[in-house]
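# Next comes the sequence, and after it the predicted model I'd like to discuss.
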Amino acid sequence: MTKTLEGQTVMVLGGSSGIGEAVAELAQAEGARVFAVSRSGRAPDGATGIAASVDDPGALAAAMAKAGSIDHLVHTVGARIGSPPLAQLDRALVALAFEAKLFSAIEATRMALPYLAPEASITFTSGQVSRKYGTGSVVKGALNAATDAADCRRRRRHIAHSRWPRSFPAWSPRGSTSASIRGMLAGEETIADRHQDRSCGT
């Protein structure tokens, strides 16, 4: 049976653990040449690990040059900030969260432009907390909503609009993680698609 990503190159930023590791594993299983970029450089079996931080432009540029033409760029980096209530927030924590998840994703996209294949896709990871509210959700909610707005596919906004016809979904895992990731890699409907009026505006 033909593998869905045979002959394609997938670069996963944050590919050493969590969702990023799962994406790297499944992309490799589907026949892709996978580069897992992280601070540690650890990678799943079969993938190429590269030690580079998204806040180190020189190291990230070298990683992209090593990969060459990129068919799918997946950004899964984020800071672990917990869910502090509003009264306990400080500016440094908010800045850290936005720098790790959103600003680094936008900068990585900009840096990747010379390496993207003509029909390349770029995926940022978001979360349902942008649309579901609760105690301690103010930073994560605002951050994920901003990530949705930056690259929402259905509305062709912002980054997606500037790079048409490439696909820039803001992806949130749903149901079985492995099935959800396979759907994302195959270009299936995303959470942002299904909630376009709420996550992407009108």
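Nice, I can see it.
# What is the burial count for Arg110?
By other C-beta atoms under 10 Å, 10 other residues sit near Arg110. Just so you know, the C-beta spots here come from the backbone N, C-alpha and C atoms, and that holds for glycine as well.
# Please renumber the chain so that the first residue is 81 from this point on.
Sure, I'll start counting at 81 from here, so that last one is Arg190.
# What's opposite Thr89 in the beta bridge?
Arg113 (DSSP bridges).
# what residues are up against it?
Applying C-beta atoms under 8 Å, 6 or more residues apart in numbering to Thr89 gives the contacts 112-115, 147-152, 197.
# do that again at 10 Å, thanks
Residues in contact with Thr89 (C-beta atoms under 10 Å, 6 or more residues apart in numbering) are 107, 112-115, 147-153, 195, 197, 200.
# got a winner among those for most neighbours?
Within the contacts of Thr89, neighbour counts (other C-beta under 10 Å) peak at Ala107, which reaches 32 neighbours.
# For that one, give me phi and psi.
Backbone torsions of Ala107, given as degrees, to the nearest 10, read phi -60, psi -40.
# ok, now how distant is it from Glu179?
26 Å (C-beta to C-beta, to the nearest Å).
# likewise Ala167?
From Ala167 to Glu179 the distance is 23 Å (C-beta to C-beta).
# the more surrounded of the two?
Comparing Ala167 with Glu179 by other C-beta under 10 Å, the one with more neighbours is Glu179, at 15 against 5.
# Now for the nearest residue to the more buried one once chain neighbours are set aside: which residues touch it?
Among residues not flanking Glu179 along the chain, Asp135 sits closest, at 7.2 Å (C-beta to C-beta, 6 or more residues apart in numbering). Asp135 makes contacts with 119, 157, 179-180, 183-184, 187, as judged by C-beta under 10 Å, 6+ apart.
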